[in-house]
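Asker: turn this into a structure:
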Amino acid sequence: MAVTPEDPFIYFTLEEELDTQPAVERHKPPSIDVLFEKTKFSRSEIQYLYRTFKEVWPNGTVELVQFQSIYADIFPEGNSKPYAELVFRNIDQSRTGSITFLDFVTSFSKIAKGTLEEKLDWIFSLYDSNCVGYIGYQDIYNVVKSMYQLVDATLKPAVIATICRQHVKIVFKNLQIQQGGRVSRQEFFEKCQQNSEIMESFSMFGTLMKMQ
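Answerer: Predicted coordinates:
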């Protein structure tokens, strides 16, 4: 059956047919119609993202170490591994240990073009890396610490700890969480939307996700 000109994956089909190297097992993503329905990207945007994804990860999937190397290239002055792992785990919701194009594009759609609730859901899941349904002091501390490490690897552990404790204290105050307490996903949504300062501070997550 002939491939239509609109087929977003024709470029890679032809490339593989002309490849003289030994065949490499590749993961094939769902059709563009499925991806279009599952995300807020246009067909041309999906096509572009797929081509970019395949250029970086030709076999169609990416594992943690490969994912971390991308962040290491973008943030050479920092220790990007902890933050990259948190983002990886957030995208790999099924906990398979690898990310497919479907995983990537649906997650990216949330933070890039999603509704306010979808963006907050993405951020909450970043904090809730163990998928328990609520977040507490240590969850927020881990994310904040990873973001400071991301931009400056020279910060001494004691300095990072002091800065992070102060930062988390402010977050707890804004979210109205009692010391030693925790907040559920729904409570997180409600309290964030009631506090403009929190919403402003969350804008950085979109930037760091788009860095991929």
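Asker: would you mind writing the CA trace of stretch 42-50 as CSV?
Answerer: The C-alpha coordinates for stretch 42-50 follow below in CSV (Å, rounded to 0.1, in the frame of the first residue of the first chain):
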residue,chain,number,x,y,z
SER,A,42,-0.8,20.3,15.5
ARG,A,43,0.1,17.6,13.1
SER,A,44,3.0,19.6,11.8
GLU,A,45,4.3,20.2,15.3
ILE,A,46,4.0,16.4,16.0
GLN,A,47,5.9,15.7,12.8
TYR,A,48,8.7,18.2,13.8
LEU,A,49,8.9,16.8,17.4
TYR,A,50,9.1,13.2,16.1
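Asker: tell me the buried residues in it?
Answerer: Residues of stretch 42-50 classed as buried by neighbour count (16 or more other C-beta atoms under 10 Å): 45-47, 49-50. C-beta: built from backbone N, CA, C; applies to glycine.
Asker: out of the residues you listed, the closest to Y137 would be?
Answerer: Nearest to Y137 among these: L49, at 36.1 Å, using C-beta to C-beta.
Asker: for the nearest residue to the closest one once chain neighbours are set aside, pull up the helix or strand it's in.
Answerer: The shortest distance from L49 to any non-neighbouring residue, by C-beta to C-beta, 6 or more residues apart in numbering, is to V105 (5.8 Å). In the assignment (DSSP states H and E), V105 maps to helix 101-113.
Asker: avg pLDDT for that helix?
Answerer: Averaged across helix 101-113, the pLDDT comes to 95.
Asker: same thing with stretch 177-188?
Answerer: Mean pLDDT, computed over stretch 177-188, is 87.
Asker: just the C-alpha atoms of stretch 133-145, please, in PDB.
Answerer: Coordinates of each C-alpha in stretch 133-145 appear next as PDB, following Å, rounded to 0.1, in the frame of the first residue of the first chain:
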ATOM      1  CA  GLY A 133      -0.900  10.900  45.800                       C
ATOM      2  CA  TYR A 134       0.400  13.600  48.200                       C
ATOM      3  CA  ILE A 135       3.600  15.600  48.800                       C
ATOM      4  CA  GLY A 136       5.400  16.600  51.900                       C
ATOM      5  CA  TYR A 137       8.500  18.500  53.000                       C
ATOM      6  CA  GLN A 138      11.100  16.000  51.600                       C
ATOM      7  CA  ASP A 139       9.300  15.800  48.200                       C
ATOM      8  CA  ILE A 140       9.500  19.600  47.800                       C
ATOM      9  CA  TYR A 141      13.000  19.700  49.200                       C
ATOM     10  CA  ASN A 142      14.300  17.200  46.700                       C
ATOM     11  CA  VAL A 143      12.900  19.100  43.700                       C
ATOM     12  CA  VAL A 144      14.200  22.500  45.000                       C
ATOM     13  CA  LYS A 145      17.600  21.000  45.700                       C
END
